[in-house]
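>>> Here is a sequence together with a model predicted from it:
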2 protein chains.
Amino acid sequence: MERIPILKMGPFLLVTIQVDLYDRLALNLESDLINMVSKTGARGVLIDISAVSIVDSFMGRILGNIASMSRIMDAETVVVGMQPAVAITLVELGLTLQGVHTALDVEKGMGLLYEKMDIAEHPEQDEEEDQDDSND
Amino acid sequence: MERIPILKMGPFLLVTIQVDLYDRLALNLESDLINMVSKTGARGVLIDISAVSIVDSFMGRILGNIASMSRIMDAETVVVGMQPAVAITLVELGLTLQGVHTALDVEKGMGLLYEKMDIAEHPEQDEEEDQDDSND
């Protein structure tokens, strides 16, 4: 199969990675995702990797690329469902997925994205709250 | 890969089928789904087949099985994202996916499931509305 399906869920896009990402598939995924962000005005991208048991530096770079591209398009990226062994491997490889947010599962990832949207849309509110705290 | 990931989204479960379903994988998916429905108390199952371009009678039977099993566990099944060519093939094969609801995409599928939950939880309300209509 040449393409990984991208599902629109409210203001977010959801991608489930179930197969090994080889070059062509990864490039297709990058361009499809960016086009979808542009077309739908999505504010966040959720990438579920719970089915991924082996991760290498290529995969790490692809995730980083997607996050960087999405941020330029004003969408945050959250990687969800990482298996513990994958996290261990990533750190051992020296890949810390900079710029990529992570969450335990899709629901927590969505919660994180909603929080980030709220903060982006009401920045002055948070500042006020911070001031209140400092006055106490 | 031996298993297809099942994502929990609020009261529903979401499965994206991206690979050809062979016997073992299909059986695993059936049992994993039923276990997840039981564990999470999910009220609906969404199966996205937008990446599936070829469908045969085996796939049709698996979808029917999942729907029947879920219904016994009090969860409705909606198949979403079917490609037009797949719908044509299904009808030509004489497979009409009885007992399986369908929707154009995940968002519409979720809408359908929420409607069904509302009707199941407030049946008297709907009856009253029907009576009002008949009085007019």
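Cool, the structure landed.

>>> what's the weakest-modelled helix or strand in chain A?
Sorting the helices and strands of chain A by mean pLDDT, DSSP states H and E puts helix A:123-135 at the bottom, at a mean of 52.

>>> quick one: is the lengthiest helix in chain A near chain B?
Longest helix in chain A by number of residues, with DSSP state H as the criterion: helix A:23-40. No - shown here: helix A:23-40 not in contact with chain B (CB under 8 Å from any CB of the partner chain), separated by at least 10.6 Å. C-beta: built from backbone N, CA, C; applies to glycine.

>>> after that helix comes which helix or strand?
Where DSSP states H and E defines the elements, the next helix or strand beyond helix A:23-40 is strand A:44-48.

>>> Quick one: list the elements packing against that next one.
With contacts defined as 3 or more CB pairs under 8 Å, 6 or more residues apart in numbering or on different chains; DSSP states H and E, the packing partners of strand A:44-48 are strand A:12-16, helix A:57-72, strand A:76-80, helix A:106-121.

>>> Same list (those) but as a markdown table, adding distance to B:Leu13, mean pLDDT and mean neighbour count.
Supplementary listing: those in a markdown table, determined by distance: least, CB to CB, whole Å; pLDDT from 0 to 100; neighbours: other CB atoms under 10 Å in any protein chain shown:
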| stretch | distance to B:Leu13 | mean pLDDT | mean neighbour count |
| --- | --- | --- | --- |
| strand A:12-16 | 13 | 95 | 24 |
| helix A:57-72 | 25 | 90 | 17 |
| strand A:76-80 | 15 | 95 | 23 |
| helix A:106-121 | 11 | 89 | 16 |
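
>>> mind putting these in JSON lines, distance to A:Leu25 included?
Putting those into JSON lines (distance: least, CB to CB, whole Å) gives the following:
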{"stretch": "strand A:12-16", "distance to A:Leu25": "12"}
{"stretch": "helix A:57-72", "distance to A:Leu25": "10"}
{"stretch": "strand A:76-80", "distance to A:Leu25": "17"}
{"stretch": "helix A:106-121", "distance to A:Leu25": "22"}
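
>>> Minimum distance to B:Ser53: which of the ones you listed has it?
Using CB to CB as the measure, strand A:12-16 is the one of the helices and strands packed on strand A:44-48 that comes nearest B:Ser53, at 17.4 Å.

>>> neighbouring strands for that closest one, and are they parallel or not?
Partner strands and pairing direction for strand A:12-16 (DSSP bridges) are strand A:6-9 (antiparallel), strand A:44-48 (parallel).

>>> contacting residues for A:Val78?
Contact criterion CB atoms under 8 Å, 6 or more residues apart in numbering or on different chains gives A:44-47, A:100-103, A:109, A:112-113 as the residues in contact with A:Val78.
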